[in-house]
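# Pasted the sequence and its predicted model underneath.
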Amino acid sequence: MPPPVKSAAASSGGNAPGAGSIYDLGYRHYEGARLGRRHAIASLYWYSLRSAFGLGRRPSSKIIPWALVVVALLPAAIRLGIAAIATSRVTPVRPEQYFNLINLVVALFCAAVAPEVIGRDQRTRTLVLYFSRALSRQDYVLAKLGAFVTALLALTLAPQIVLFVGNTFTGTNALAYIKDNWADIPRILASSGVDTAVMASVAMVIAAQTARRSYATVSVIAAFIVTSALAAIFVQDVGGTGGHLAVLVSPFDLLRGFNLWVFNVPETEGIVKDAGLHGSVYGIAAAVIIAVCAGLIQRRYQRIST
Amino acid sequence: MALIATDALTKRYPGVTALDALTLELEPGIIGLVGANGAGKSTLIKILLGLLPATSGSARLLGYDVATEGPTLRQFVGYMPEHDCLPVDVSATEFVAHMAQINGLPKSAARERTAETLRHVGLYEERYREIRGYSTGMKQRVKLAQALVHDPRVMLLDEPTNGLDPEGRDEMLDLVRRTGTEFGIAIVMASHLLGEIERVCDHLVVIDGGHLLRSATIGDFTGRTQVLAVEVEGDVQPLAETLTARGLRIVAEGHTLLVDLVDERPYDLIRDAVADLGLGLVRMEQRRHNLEDLFRPVSGPAGEDAHAAAS
């Protein structure tokens, strides 16, 4: 034991005799509430969400996530800046186009943050502490996925909100803008929600496979970029029904197709136009990807040894 | 209520049986779990924590079935693993408070108890620094703190002195002992170092090859044996021969003769023999059990067979 330390707390403590050794405070049993499993899930969710943005950690771990959030907001900010100067004489950035502008930023965020959120506990072997608590393995995955999806919404949904609110107030008539565009609100929520869920589940399933941070980062970024290149080759050079369906292996292009479908806008160029699939196919594919990835993550965590 | 009750608890891995029909019943206290590496200590602890499913048999901890009542049970359990398990990029305060909440404590209570617990394990100013920069001793304290912060009813400690220098070892053992005696928290401590177990625990469970070898209080283990150790000045050989001729079973151990004590007769026989031979009797005492005896290497025919088969 270290030598007893004199402290003001000890000498003023009720149980402490005059000597004021710190141990004279005595051990107090905890009689309060034990909130159980749901509280544990919520705590892990908040802790993981904070870790995604480097909160409660050294300043250097805040740089990358926050820089990417700022970059993802840039197109919206620039558009609003121009609109404020040259009032509504420029073409507005349409919400269905926004994800396409920032998909690489979202992928970089996934590559940088998913290994942090889900790989770190494997790396430091902290999993054993979580799994020996009131949490089950499914609860752990639920909290981690939830935290990562929430973090990603800062890149996908937040700029859309900024854009919508900004467009409302930079225009000549705020009420008229809302009246004309209110139908976009549920569409923005649906497209951002699905964009986020697909990107998050793909990134998480890859990051969950390894404790090595560098492998996870490279694999996640490669998964998005390589599939995008493959999809282009198959759709444009191979062609045919099989070739056209390859557009679905690329999350970027799949979500492009999905967003256009949600906003009921036809594609004018690029591989989504060339593939010529019905919009609902993108919706089904997105649902399948989310379900398969969630299942794979669960399976990984059921089997992971502690 | 028994602290731990297992019934024919078995854990098999492909090719290895880690626990073989282990049946145990232990009352609350400070319990030492001893065995060589691979004896099944960690496996037993992990089954009790719900980290591993048992192959067959059942186990209850604090009266809860570990397989079916895990989440409820584990609110009252603290666990300190033998390996590193701490994140490096947060402070001890941040991490221990987080674990307190994972254990069900509301945020304010978690903060309060984190401060108390870290003080108890002897972490002061450094608790606000990143764990990355901690010494092994400080990390072990944080590991103990996260197992204690939610005021568990039982703590399972797997090799708590792992990697510590002698001084750190002493401090950790004192902490564990105090936690068990002064706070009334039951403790199960696994170790392969008997000296540690002897210092801290009041009950000992010995596991070997997945079997229960013995479960008794420390006193029973270190009690007297039925062996009389006789030490004389001079040559012991004639004395050994004389005693053997009078029907005693003798083992020579250097200059000491070990005499089987079946009844009171050997005392008189030894006295007479020593006097007859004109030797000086230095010492004659009943041997005490030593915990080390439990792990004397058995000169196993199994080992020799394996060797023979291999060559």
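Received, thanks. What you are looking at is a predicted structure, and each value in this text was computed from that prediction instead of being measured.

# the strands in chain B, which residues?
Per DSSP state E, chain B carries strands over the ranges B:4-13, B:16-26, B:30-34, B:56-61, B:64-65, B:77-80, B:154-158, B:186-191, B:203-208, B:211-217, B:224-233, B:250-253, B:256-260, B:280-288.

# I'd like these laid out as CSV, including mean pLDDT.
As requested, the strands of chain B are exported to CSV (pLDDT from 0 to 100):
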stretch, mean pLDDT
strand B:4-13, 94
strand B:16-26, 92
strand B:30-34, 93
strand B:56-61, 96
strand B:64-65, 96
strand B:77-80, 96
strand B:154-158, 96
strand B:186-191, 94
strand B:203-208, 90
strand B:211-217, 87
strand B:224-233, 81
strand B:250-253, 82
strand B:256-260, 84
strand B:280-288, 81
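
# got a markdown table for those, with distance to A:L254 too?
For every residue, glycine as well, the C-beta is placed using N, CA and C. Shown next, in a markdown table, are the strands of chain B (distance: least, Cβ to Cβ, whole Å):
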| stretch | distance to A:L254 |
| --- | --- |
| strand B:4-13 | 42 |
| strand B:16-26 | 46 |
| strand B:30-34 | 54 |
| strand B:56-61 | 47 |
| strand B:64-65 | 46 |
| strand B:77-80 | 43 |
| strand B:154-158 | 47 |
| strand B:186-191 | 51 |
| strand B:203-208 | 55 |
| strand B:211-217 | 57 |
| strand B:224-233 | 76 |
| strand B:250-253 | 79 |
| strand B:256-260 | 81 |
| strand B:280-288 | 76 |
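
# pull the longest helix from the chain.
Picking chain A for this. If you go by DSSP state H, chain A has its longest helix at helix A:137-170.

# You answered for a different chain; I wanted chain B.
Max-length helix for chain B by DSSP H is helix B:166-182.

# And chain A, is it touching that?
Yes - using Cβ under 8 Å from any Cβ of the partner chain, we find that helix B:166-182 touches chain A at B:171, B:174-175, B:182.

# Contact partners for the residue most central in space within chain A?
The C-alpha lying nearest the average C-alpha coordinate of chain A belongs to A:L152 (Cα atoms, centre = their mean; 2.5 Å). Listed by Cβ atoms under 8 Å, 6 or more residues apart in numbering or on different chains, the contact set of A:L152 reads A:106, A:109-110, A:196, A:199-200.

# what's the angle between the next helix or strand after the longest helix of chain A and helix A:137-170?
Using DSSP states H and E, the helix or strand that follows helix A:137-170 in sequence is helix A:174-181. Taking axes from the mean of the first three to the mean of the last three Cα atoms, to 10 degrees, one finds helix A:174-181 and helix A:137-170 inclined to each other by 130 degrees.

# next structured bit after helix A:174-181?
Sequence order places helix A:184-207 as the next helix or strand after helix A:174-181, per DSSP H and E.

# Export that following helix to CSV, keeping only CA atoms.
Below are the C-alpha coordinates for helix A:184-207, written out as CSV (Å, rounded to 0.1, in the frame of the first residue of the first chain):
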residue,chain,number,x,y,z
ASP,A,184,-38.7,16.3,-49.4
ILE,A,185,-38.5,16.0,-45.6
PRO,A,186,-39.6,12.3,-45.4
ARG,A,187,-37.5,11.6,-48.5
ILE,A,188,-34.4,13.2,-46.9
LEU,A,189,-34.9,11.1,-43.8
ALA,A,190,-35.5,7.9,-45.7
SER,A,191,-32.5,8.3,-48.1
SER,A,192,-30.1,9.5,-45.4
GLY,A,193,-31.2,6.7,-43.1
VAL,A,194,-30.6,4.0,-45.7
ASP,A,195,-27.4,5.6,-46.9
THR,A,196,-26.1,5.6,-43.4
ALA,A,197,-27.3,2.1,-42.5
VAL,A,198,-25.7,0.6,-45.7
MET,A,199,-22.4,2.4,-45.3
ALA,A,200,-22.3,1.7,-41.5
SER,A,201,-23.1,-2.0,-41.8
VAL,A,202,-20.6,-2.7,-44.5
ALA,A,203,-17.9,-0.8,-42.6
MET,A,204,-18.7,-2.5,-39.3
VAL,A,205,-18.7,-6.0,-40.7
ILE,A,206,-15.3,-5.5,-42.2
ALA,A,207,-13.8,-3.7,-39.2
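
# In PDB, list the C-alpha atoms belonging to the following helix or strand past it.
Under the assignment DSSP H and E, the closest C-terminal helix or strand after helix A:184-207 is helix A:213-232. In PDB, the C-alpha atoms belonging to helix A:213-232 read as follows (Å, rounded to 0.1, in the frame of the first residue of the first chain):
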ATOM      1  CA  ARG A 213      -6.500  -1.100 -36.900                       C
ATOM      2  CA  SER A 214      -4.500  -0.500 -40.100                       C
ATOM      3  CA  TYR A 215      -5.900  -3.600 -41.800                       C
ATOM      4  CA  ALA A 216      -9.400  -2.600 -40.900                       C
ATOM      5  CA  THR A 217      -8.900   1.000 -42.200                       C
ATOM      6  CA  VAL A 218      -7.400  -0.100 -45.500                       C
ATOM      7  CA  SER A 219     -10.000  -2.900 -46.000                       C
ATOM      8  CA  VAL A 220     -13.000  -0.600 -45.400                       C
ATOM      9  CA  ILE A 221     -11.800   2.100 -47.900                       C
ATOM     10  CA  ALA A 222     -10.900  -0.600 -50.400                       C
ATOM     11  CA  ALA A 223     -14.300  -2.200 -50.100                       C
ATOM     12  CA  PHE A 224     -16.000   1.000 -51.200                       C
ATOM     13  CA  ILE A 225     -13.600   2.000 -53.900                       C
ATOM     14  CA  VAL A 226     -12.800  -1.400 -55.500                       C
ATOM     15  CA  THR A 227     -16.500  -2.400 -55.700                       C
ATOM     16  CA  SER A 228     -17.200   0.900 -57.300                       C
ATOM     17  CA  ALA A 229     -14.600   0.300 -60.000                       C
ATOM     18  CA  LEU A 230     -15.800  -3.300 -60.500                       C
ATOM     19  CA  ALA A 231     -19.400  -2.200 -60.900                       C
ATOM     20  CA  ALA A 232     -18.300   0.300 -63.600                       C
END
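
# got the residues of the stretch 1-150 of chain A near chain B?
A:1-2, A:5, A:22-23, A:25, A:27-30, A:32-37, A:39-40, A:43-44, A:47, A:56-58, A:61, A:120-121, A:124-126, A:128-136.

# ok, 7 Å please
Proximity of the stretch 1-150 of chain A to chain B, by Cβ under 7 Å from any Cβ of the partner chain, involves residues A:1-2, A:5, A:22, A:27, A:29-30, A:32-37, A:39-40, A:43-44, A:47, A:56-58, A:61, A:120, A:124-126, A:128-136.

# Could you list the low-pLDDT ranges of the chain?
All of this is about chain A. The model of chain A has pLDDT under 70 over residues A:1-25, A:87-91.

# oops, chain B please
B:223-224, B:289-311.

# The same query, at a cut-off of 90, please.
Residues of chain B that meet the criterion pLDDT under 90 lie in B:1, B:15-16, B:34-40, B:70-72, B:124-125, B:162-163, B:182-184, B:192-199, B:208-211, B:213-311.

# ok, the contacts of A:L152 vs chain B, which is closest?
Proximity of these to chain B (Cβ to the nearest Cβ) peaks at A:F109, which lies at 18.5 Å.

# okay but the closest one is in contact with A:A67, surely?
No - look at A:F109 against A:A67 with Cβ atoms under 7 Å: they stay out of range, at 9.7 Å.

# out of these two, which sits in the busier spot?
A:F109 (29 against 14; other Cβ atoms under 10 Å in any protein chain shown).

# which residue does the stretch 101-250 of chain A bring closest to chain B?
For the stretch 101-250 of chain A, Cβ to the nearest Cβ, closest residue to chain B: A:S132, 4.2 Å.

# contacting residues around that residue?
Neighbour list for A:S132: B:49-51, B:74, B:79 [criterion: Cβ atoms under 7 Å, 6 or more residues apart in numbering or on different chains].

# ok, back up a step: which ones among the residues of the stretch 1-150 of chain A next to chain B lie within helices?
Counted as lying in helices by DSSP H, out of those, are A:36-37, A:39-40, A:43-44, A:47, A:61, A:120, A:128-131.
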